[in-house]
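> Predicted model, plus sequence, below.
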Amino acid sequence: MSDVYDSPAWKDFMGPVTDALERIGLLFCVDAIPAFAAGTLSLKPMEFINLSLPPGIRTRSENIQLLMLLPASLAKGQVQKKYYDYVAEFELNDLSTTGIDGIKIKIFSTSMDTKGREELLGMQSCQSYQGCPVCLHTWTPGKVLGRKQVVCDGYRCFLHPSSAARQKTFTFQGQTYEFRTIERREVPRTRDDKFVRCAVGVASEKNPFCGHKSSPLLCNWPGYSWYRMNVPEIMHGTTHTFIHACTHIHTHIHTRMHICIHTCIHTCITLTQHTSYRHKESV
């Protein structure tokens, strides 16, 4: 696998490759930045990068599409969900179903750091015992080792059931490794859309369930899927490059700003259609 085009998720969600451009896949990212001299995390830019562009130019600042720019004070926890729902209702739903000039815009996935991911997914802090957003792996009670604290072990349970590394002793590249016990636990089940819906239904901020506290902020976006849109970061850091240009010009931003994405998408389509930028997924 050399690019996102090779993944089963892309092929399933985006559909087959066509000679004429019929759809564009975007990657969403959000992060807080210190825009002013105080050095505090004062703004939250939310952008898209165009995955339908060649990898070498996707994350250039001139190709990143700004969706929203919110003061950090307005973008905390579930308070900010109304902004995500607003942009879904008045922009993204239409772009996904109708598109622009027949070209549909699809939000393929997201990418951000760990703290941003836990907020976007409505989960407990990554410091908690049940903060893993991918699987349902749990810890070992401390009493097994005669201690009060829990033991965050069990990485070997992710191995294939027949793996030699599950044994008490095994040798790898001339090195012998020894463990207290044989790892007999089954591979932890991963979270899917059905499980997340059930978990969110019984969870609350004060009483989380399996790490879930509230609905994901993007749950009303078109084509939302927990499994597909919960991936490690790719574009984290390009946020700062892009927003630096914005804040260099607009140095006094005190109220929330909503930027219509249609103008940006027109640019996105033009770039993707340009012969020097076309990147055939089949190649």
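Cool, got the structure.
> what about the protein, any weak spots by pLDDT?
Within the chain, the segments meeting pLDDT under 70 span 1, 127-131, 232-283.
> so where does residue 66 fall, helix or strand?
For residue 66, the host element (DSSP states H and E) is strand 65-71.
> actually residue 45, not the one I typed
Using DSSP H and E, residue 45 falls within strand 43-50.
> tell me what that strand is packed against?
If you count contacts as 3 or more Cβ pairs under 8 Å, 6 or more residues apart in numbering; DSSP states H and E, strand 43-50 packs onto strand 23-30, strand 65-71, helix 238-249, helix 262-273. C-beta here means a position set from N, CA and C on the backbone, and glycine is covered the same way.
> ok, back up a step: quick check: buried residues in the strand holding residue 66?
For strand 65-71, burial by neighbour count (16 or more other Cβ atoms under 10 Å) applies to 65, 66, 67, 68, 69, 70.
> what pairs with the second one across the strands?
What it means is residue 66. Beta-bridge partners for residue 66, by DSSP bridges, are residue 47.
> Is it in contact with residue 49, as I believe?
No. If you go by Cβ atoms under 8 Å, residue 66 and residue 49 don't touch, sitting 11.1 Å apart.
> tell me the SS of the nearest residue to residue 224 once chain neighbours are set aside?
In space, residue 224 comes closest to residue 218 once its chain neighbours are excluded; the distance is 5.5 Å by Cβ to Cβ, 6 or more residues apart in numbering. Following DSSP: H, G, I helix; E, B strand; the rest coil, the label given to residue 218 is coil.
> Centre-most residue in this protein?
With distances taken as Cα atoms, centre = their mean, the chain has residue 110 as the residue nearest its mean C-alpha position (3.1 Å).
> OK, contacts around residue 37?
With contacts defined as Cβ atoms under 8 Å, 6 or more residues apart in numbering, residue 37 has no neighbours.
> What distance do you get for it to residue 87?
To residue 87, residue 37 is 30 Å away according to Cβ to Cβ, to the nearest Å.
> So which of the buried residues of strand 65-71 is the closest to residue 229?
Distance to residue 229, by Cβ to Cβ, is smallest for residue 67 among these, at 14.9 Å.
> Please report the distance of that closest one from residue 164.
Per Cβ to Cβ, residue 67 is found 48 Å from residue 164.
> now swap in residue 78 and tell me
Separation of residue 78 from residue 164 (Cβ to Cβ): 46 Å.
> what sits opposite the residue nearest to the centre of the chain in the beta ladder?
Residue 110 has these beta-bridge partners by DSSP bridges: residue 28.
> What residues does it make contact with?
27, 28, 29, 117, 120, 218, 229, 230, 231.
> what's the neighbour count on the third one?
Translated: residue 29. Each residue near residue 29 was counted by other Cβ atoms under 10 Å, and the total is 28.
> How about the fifth one?
Close neighbours of residue 120, defined as other Cβ under 10 Å, add up to 21.
> did I read that right, it in a helix?
Yes. Per three-state DSSP, residue 120 lies within a helix segment.
> What sits closest to it if chain neighbours are left out?
Closest to residue 120 by Cβ to Cβ, 6+ apart is residue 217, at 5.2 Å.
> now do the last one
Take residue 231 and drop its neighbours on the chain: the residue closest to it by Cβ to Cβ, 6+ apart is residue 109, 5.4 Å away.
> Any idea how many residues pack against the one you found?
Residues lying near residue 109 (other Cβ under 10 Å) number 21.
> Settle this for me: it is touching residue 228, isn't it.
Yes. The pair formed by residue 109 and residue 228 meets the contact definition of Cβ under 8 Å, at 5.8 Å.
> Now do the shared contacts for these two.
Residues touching both residue 109 and residue 228 (Cβ under 8 Å, 6+ apart): residue 9.
> Quickly list the domain ranges of this protein.
In terms of domains, the chain is parsed into 4-122+215-273, 142-178 (source: automatic domain parsing).
> which one of those domains is the most hemmed in?
Across those, averaging neighbours per residue (mean count of other Cβ atoms under 10 Å) puts domain 4-122+215-273 on top, at a mean of 17.
> The stretch 51-200 of the chain: helices as residue ranges?
With helices called from DSSP state H, counting those that start in this stretch, the stretch 51-200 of the chain shows them at 55-58, 81-87, 93-97, 114-121, 193-202.
> Residue 12: which of these is closest?
It is, among the helices of the stretch 51-200 of the chain and with distance given as Cβ to Cβ, helix 193-202, at 13.5 Å.
> buried ones in that closest one?
Of all the residues in helix 193-202, those buried under the rule 16+ other Cβ under 10 Å are 195, 196, 199, 200.
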